[in-house]
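Participant: The sequence isn't on hand, but the structure is:
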């Protein structure tokens, strides 16, 4: 009875708390156990039940932690103090609580249809406005999987069926790439202090940027510092970039297995002495060194980031 009663009020399970706050479930549990950042109610089944005020607190704590504040020092402060710290730390920045909402698959499907409809009349202004509005309303992770991934897939499908003219395809892809890049860079903060730093790029010769941008957008959802290094970098440039950014995770996108990528990978491994996680994202059939992790899809990468960030 208690589970049913709670579900009819404004309470949320840990997955919903994760989506609303931007924290992964592991972090939420850790902050509860170590710092008593929030003390959620428990249903009869034992599952955690979070209130709206719990989610507001977790969201604000998450933002403060990303700005370099120690969670151990701020976890138990009242909300008024947390807001004051945020205002001082983030001078001139956006409000602490932006009331971001979940972006459902159904909403993504509707927006996809609207975008394709606007494309038929070549109304690029309407498409651009729609994409621009998304980033301030919804969680980036939801937008990635529920709109951009199916949109790009649909464009490829319509292109193969010759239902879009080449000029339409080029214009729409250019617009998508622009907004993907804008969303990534709008979330970049050079002052952000994080134990995890991601460097993201692709090997020399791999000039396809769409998958790289989608990966960057997904990475920007998580509480780590992201350096988007663009595509088509030679091995020596990747090595220098990793050293310069002090990256702890190097993500390399492979659109296809081009000649020479394995040699570049060997050079990178040999030259980077510090402990670093190297991840290849793409459908790779060749063998790779044991210390390199191969992830075949964006969904798999999302699962990895959720577990490790």
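Facilitator: Alright, I've got the coordinates. From a predicted model like this one, the values you see are computed outputs, not experimental measurements.

Participant: Quick check: which element contains residue 162?
Facilitator: Assigned by DSSP states H and E, residue 162 belongs to no helix or strand.

Participant: And for the host helix or strand of residue 125, what's in contact with it?
Facilitator: Element membership of residue 125 [criterion: DSSP H and E] is helix 124-134. Helix 124-134 is contacted from outside by 103, 111, 114-115, 118-119, 143, 147, 171-172, 175-176, 179, 182, using CB atoms under 8 Å, 6 or more residues apart in numbering. For the C-beta atoms, the positions are set from N, CA and C on the backbone; glycine is no exception.

Participant: Can you say which of those residues are buried?
Facilitator: Neighbour counting over the contacts of helix 124-134 (16 or more other CB atoms under 10 Å) leaves 103, 111, 115, 118, 119, 143, 147, 171, 172, 175, 176, 179 as the buried ones.

Participant: Which members of the residues you listed are the farthest-apart pair?
Facilitator: 103 and 171 (24.4 Å; CB to CB).

Participant: nearest to residue 284, of the buried ones among the contacts of helix 124-134?
Facilitator: When these are compared against residue 284 (criterion: CB to CB), the nearest one is residue 176, at 25.3 Å.

Participant: show me what contacts the closest one?
Facilitator: Taking CB under 8 Å, 6+ apart as the test, what residue 176 contacts is 131, 148, 151, 152, 210.

Participant: burial measure for residue 31, as a count.
Facilitator: 20 (other CB atoms under 10 Å).

Participant: Leaving out chain neighbours, which residue sits closest to it?
Facilitator: Leaving aside its chain neighbours, residue 31 sits nearest to residue 37 (4.1 Å; criterion: CB to CB, 6 or more residues apart in numbering).

Participant: any idea how far residue 170 is from residue 296?
Facilitator: 28 Å (CB to CB, to the nearest Å).

Participant: now residue 165
Facilitator: On the measure of CB to CB, residue 165 and residue 296 end up 33 Å apart.

Participant: And for residue 75?
Facilitator: In terms of CB to CB, residue 75 sits 37 Å off from residue 296.

Participant: Looking at these two, which is more packed in?
Facilitator: A count of neighbours by other CB under 10 Å puts residue 75 above the other of residue 75 and residue 296, at 20 against 12.

Participant: The nearest residue to that one once chain neighbours are set aside: neighbour count?
Facilitator: Excluding its sequence neighbours, the residue lying closest to residue 75 (CB to CB, 6+ apart) is residue 35, at 3.5 Å. When neighbours are defined as other CB under 10 Å, residue 35 has 15 of them.
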